[in-house]
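Participant: Predicted model and sequence below, questions to follow.
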Amino acid sequence: MGSKTFERRSAKAPGRHAGMRNYIFPGRCAPKIIRRTSFVSDDAFATVAALREEKGGDIWLVGGGLLFRSLLRKALLTRWR
């Protein structure tokens, strides 16, 4: 999730998506302790590439228009709707 989306949604739904690990890019938001949520401030490309190598299914990108465009340019997105 992009940081702007996180900032807008955090007041409404601090628990995020049940059963999913959540990553906030970039992690410049004030880190809060939220179960199953990581704030990523280092290389987003390396983080997403590593997640793609894990077993377990698709990665769901919520919001993050800037993040989407940068991942698309690096060919880290394989499909979108």
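Facilitator: Thanks, I have it.
Participant: contacts and neighbour counts: CA atoms only from here.
Facilitator: Will do.
Participant: for stretch 37-54, how far is the first residue from the last?
Facilitator: End-to-end distance of stretch 37-54 (C-alpha to C-alpha, to the nearest Å): 17 Å.
Participant: For that stretch, what is the distance to the chain centroid?
Facilitator: 8 Å (C-alpha atoms, centre = their mean, to the nearest Å).
Participant: Just the buried residues of that stretch, please?
Facilitator: 37-40, 44 (16 or more other C-alpha atoms under 10 Å).
Participant: Ok, stretch 70-81 next?
Facilitator: 71, 77.
Participant: So what touches it?
Facilitator: 45, 48-49 (C-alpha atoms under 8 Å, 6 or more residues apart in numbering).
Participant: what about the helices in the protein?
Facilitator: With helices called from DSSP state H, the chain shows them at 3-10, 44-53, 65-73.
Participant: In CSV, list the C-alpha atoms belonging to the second one.
Facilitator: What follows is helix 44-53 as a C-alpha-only set of coordinates in CSV (Å, rounded to 0.1, in the frame of the first residue of the first chain):
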residue,chain,number,x,y,z
ALA,A,44,10.8,-1.1,-2.4
PHE,A,45,11.9,-2.9,-5.6
ALA,A,46,14.0,-5.4,-3.6
THR,A,47,11.2,-5.9,-1.1
VAL,A,48,8.6,-6.6,-3.8
ALA,A,49,11.0,-8.9,-5.8
ALA,A,50,11.7,-10.9,-2.6
LEU,A,51,7.9,-11.2,-1.9
ARG,A,52,7.3,-12.4,-5.4
GLU,A,53,9.8,-15.3,-4.7
